[in-house]
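In: Dropping a prediction and its sequence here:
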Amino acid sequence: MTRRLAAAPWLGALLLGLAALPVRAASTWWDEAQVGVRVNEHAFSRVTANGVGCSVRVRLHFEAPQPKYSEPAAERNHFRFRARVQLSDGVELSSEVFDNGEAGARVYAFSHDTASQGCWAERAHTLRKLEVHACRGVRCVPEPFE
């Protein structure tokens, strides 16, 4: 004799709801900081960082102001940035130069693989500092960090 279990009517809705939730990769640690960094009137407001295996992933959230992207000369409606994030143990992560050519809310993400440095990304870290250098123009190069 085969016996069939009756499912509660809400179970299907619950399972569908759970299936719709975003999936985040297994992370060994996660940190977020609200910041107030401004460069060329671009407001960097939030930084997130997390460790996934031997890699650190960083996300920079910023607002690009409309007036800075309304110039008649197209060359002036483009900015280039370089960012450096400092973690709790003094480790610094620098981004490559990244571009922005439009106003509005933006997110730039970069990662750093620490496998060749003893895989330190597996240990928990907290965000300590954000620095951003910028320049205006398609071919400009933001100042390097010292």
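Out: Yes, it's here. Because the structure is a prediction, the values reported are computed rather than measured. Numbers count the residues shown, from 1 in each chain.
In: which sections of the protein are below the confidence cut-off?
Out: Residue ranges of the chain with pLDDT under 70: 1-27.
In: most centrally placed residue in it?
Out: The centroid of the chain falls nearest to Arg59 when counting by CA atoms, centre = their mean (0.7 Å).
In: so what's Arg84 up against?
Out: Residues in contact with Arg84 (CB atoms under 8 Å, 6 or more residues apart in numbering) are Glu92, Leu93, Ser94, Ser95, Leu130, Glu131, Val132, Phe145. Where you see a C-beta, it was placed from the backbone N, CA and C, and this is true even at glycine.
In: one more time with 10 Å
Out: By CB atoms under 10 Å, 6 or more residues apart in numbering, the contact set of Arg84 is Glu92, Leu93, Ser94, Ser95, Lys129, Leu130, Glu131, Val132, His133, Pro144, Phe145.
In: Spell out the residue ranges of the helices in the protein.
Out: Taking DSSP state H to define them, one finds helices in the chain at 9-19.
In: where exactly do the strands run in it?
Out: Counting by DSSP state E, the chain has strands at residues 29-39, 42-52, 55-64, 79-87, 92-94, 98-100, 104-113, 127-136.
In: Kindly present these as TSV, with separate columns for distance to Ala121.
Out: TSV is the format used below for these (distance: least, CB to CB, whole Å):
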stretch	distance to Ala121
strand 29-39	9
strand 42-52	4
strand 55-64	5
strand 79-87	10
strand 92-94	10
strand 98-100	21
strand 104-113	8
strand 127-136	14
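In: returning to what we had before: make a ChimeraX selection of the buried ones in the contacts of Arg84.
Out: The buried residues among the contacts of Arg84 can be selected in ChimeraX (16 or more other CB atoms under 10 Å) with this line:
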select :93,95,130,132,133
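In: Looking at the contacts of Arg84, which is nearest Arg76?
Out: Of all those, His133 has the smallest distance to Arg76: 18.1 Å, by CB to CB.
In: The closest residue to the closest one other than its chain neighbours: how many residues sit nearby?
Out: Excluding its sequence neighbours, the residue lying closest to His133 (CB to CB, 6 or more residues apart in numbering) is Pro142, at 4.1 Å. Around Pro142 there are 18 other residues, counting by other CB atoms under 10 Å.
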